[in-house]
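Trainee: The sequence and its predicted three-dimensional model are supplied below.
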Amino acid sequence: MKDLQIAKEILNQENLALCVVKDEKVIYKSTKKGIYSLYMIATTMPDQMKGASLADKTIGKAAAMICKSLEVKEIYSYLVSTPAVSVFGRERIHFTKEVPMIMNREKNDSCPMEKIAYNTNSTERLLKEIKEFLIVKGKININE
């Protein structure tokens, strides 16, 4: 659990949204909220993630599906959804608070990523739908 502890400490100290540690070295960190950073990890550095530990402020089902497909060893999150725990496994996900569903930023509906993930168990399909969402939101270009 050394890598997870390092990731958690850096997440807190640097006020990050996401921190990934492998073999006691930080391999990725980000202040960007939402699924963008995890999507970028999944599409640009998937081979580096096997056996890594990840600390994130919020983990929903979509994030858990991506982490599982990348063979992330363990996760820490402040807030986690029950579907995320089911996907990733209670023994590998450590959290402060569990909620039935991650809410959107306005707190008036489910998170769009939770909605996308609710309708699929295919990580490949999930990543395609996340890409479409990020394109519409102007977070990535069509060619990325």
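Mentor: Structure's in. What do you need? Note that this is a predicted model, so its numbers are computed, not measured. Residues are numbered from 1 along each chain as shown.
Trainee: wait, residue 131 sits on residue 39?
Mentor: Yes: using CB atoms under 8 Å, residue 131 is in contact with residue 39, at 7.1 Å. The C-beta positions use only the backbone N, C-alpha and C, and glycine is treated the same way.
Trainee: More neighbours: these two, which one.
Mentor: Shown here are residue 131 and residue 39; by other CB atoms under 10 Å, residue 39 has more neighbours (23 against 16).
Trainee: show me what contacts that one?
Mentor: By CB atoms under 8 Å, 6 or more residues apart in numbering, residue 39 lies in contact with 66, 127, 130, 131, 134.
Trainee: Tell me who's in contact with the third one.
Mentor: With contact set as CB under 8 Å, 6+ apart, residue 130 has these partners: 35, 39, 62, 113, 116.
Trainee: Contacts only, for the fourth one.
Mentor: I take that to be residue 113. Shown in contact with residue 113 (CB under 8 Å, 6+ apart): 34, 35, 60, 61, 62, 63, 102, 130, 133.
Trainee: mind running it again at 7 Å?
Mentor: Contacts for residue 113 were tallied using CB atoms under 7 Å, 6 or more residues apart in numbering; they are 35, 60, 62, 130.
Trainee: Show me which residues of stretch 127-134 are buried.
Mentor: The neighbour-count check on stretch 127-134 (16 or more other CB atoms under 10 Å) flags 127, 129, 130, 131, 133, 134 as buried.
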